[in-house]
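**Student:** test case, fold it:
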Amino acid sequence: MSARPTLDGGLDVALADLAQRDRYKVLCSVVIPRPIALVTTLAQNGAVNAAPFSFFNVFSEAPPLVVLGLQSREGAMKDTTANVRRTGEFVVNLVSEDIAEAMNRCAVDFPADVGELAYAGLTPSPSRDVAPPAIAEAPVALECRRFMMVNVSQERDLLVGEVTRVRARPGLIDPETLYVDVDAYKPVARLFGSSYATLGEPYSMTREAYDPAIHGTGSR
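**Tutor:** Take a look at the predicted model:
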């Protein structure tokens, strides 16, 4: 069943009525922009697997957790899924403008025992808490251990990782204040299909404090 427009030209559709490819299309098109995790893991032969994921975000600071949506291919685990299930360790490398093309090259469907970093022109950097290396060119690397992994369907696993260490390139995070220089960071976000986005011009909005004189005292 295809989606149908509402009388005013909008859309109101139950996802159960859509084919899987159309559900993916809608969700990935409206939940934007999404950060990109370039995840490094170790294959059984020691090769460094690097794969980009845009089903990714930070979830909690206590404990410090990130979440990733891992995909299988025709019922077979993809490299990252198999490696994390086996070792329980991975590194989330964040993506900035200067490594965006290299990140895209890591999406090539290499065999499980072949690493992507050499083809992408990226350099492994030894981690301190986990076995998989970080990527030297990445602006930020999050060293992670598996906190929880849930198989939600034949094609999807939900990975929750506990971040044990954050490493950032010089000039990006102030060691005293921990403020991030966004202009130096230049993160890249995933939109949908082959579309990506840069940050654009940031702006600020101050959160209001509750004031009965302004916001009222009763429920509405």
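**Student:** and the spatially most central residue of the chain, what is it in contact with?
**Tutor:** Taking Cα atoms, centre = their mean, the centroid of the chain lies closest to residue 56, which sits 3.0 Å from it. Residue 56 makes contact with 34, 35, 36, 37, 66, 67, 68, 69, 92, according to Cβ atoms under 8 Å, 6 or more residues apart in numbering. For every residue, glycine as well, the C-beta is placed using N, CA and C.
**Student:** beta partners for the residue lying closest to the fourth one once chain neighbours are set aside?
**Tutor:** Just to be clear, that refers to residue 37. Distances taken as Cβ to Cβ, 6 or more residues apart in numbering place residue 56 nearest to residue 37, at 4.0 Å, with adjacent residues excluded. Note on residue 56: beta-bridge partners by DSSP bridges are residue 68.
**Student:** what pLDDT is listed against residue 56?
**Tutor:** pLDDT for residue 56: 96.
**Student:** distance-wise, check it relative to residue 97.
**Tutor:** Computed with Cβ to Cβ, to the nearest Å, the distance linking residue 56 and residue 97 is 18 Å.
**Student:** ok, and what's touching the lowest-mean-pLDDT helix or strand in the chain?
**Tutor:** Least confident helix or strand, the chain: strand 76-77 with a mean of 79, by mean pLDDT, DSSP states H and E. Residues from elsewhere that reach strand 76-77, judged by Cβ under 8 Å, 6+ apart: residue 85.
**Student:** 10 Å instead?
**Tutor:** Residues from elsewhere that reach strand 76-77, judged by Cβ atoms under 10 Å, 6 or more residues apart in numbering: 70, 71, 82, 83, 84, 85, 86, 112, 151, 157.
**Student:** alpha carbons only: can I get the longest helix belonging to the chain in PDB?
**Tutor:** Longest helix in the chain, counting residues (DSSP state H): helix 20-30. C-alpha atoms of helix 20-30 as PDB (Å, rounded to 0.1, in the frame of the first residue of the first chain):
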ATOM      1  CA  GLN A  20      10.100  -1.800   4.400                       C
ATOM      2  CA  ARG A  21      12.000   0.300   1.800                       C
ATOM      3  CA  ASP A  22       9.300   3.000   2.100                       C
ATOM      4  CA  ARG A  23       9.400   3.000   5.900                       C
ATOM      5  CA  TYR A  24      13.200   3.500   5.600                       C
ATOM      6  CA  LYS A  25      12.800   6.200   3.100                       C
ATOM      7  CA  VAL A  26      10.300   8.200   5.200                       C
ATOM      8  CA  LEU A  27      12.100   7.800   8.500                       C
ATOM      9  CA  CYS A  28      15.600   8.600   7.100                       C
ATOM     10  CA  SER A  29      14.200  11.600   5.300                       C
ATOM     11  CA  VAL A  30      12.400  13.300   8.200                       C
END
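**Student:** let's have the contacts of residue 56 in JSON lines, adding neighbour count.
**Tutor:** What follows is the contacts of residue 56, written out as JSON lines (neighbours: other Cβ atoms under 10 Å):
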{"residue": "34", "neighbour count": "17"}
{"residue": "35", "neighbour count": "17"}
{"residue": "36", "neighbour count": "24"}
{"residue": "37", "neighbour count": "28"}
{"residue": "66", "neighbour count": "21"}
{"residue": "67", "neighbour count": "17"}
{"residue": "68", "neighbour count": "23"}
{"residue": "69", "neighbour count": "14"}
{"residue": "92", "neighbour count": "25"}
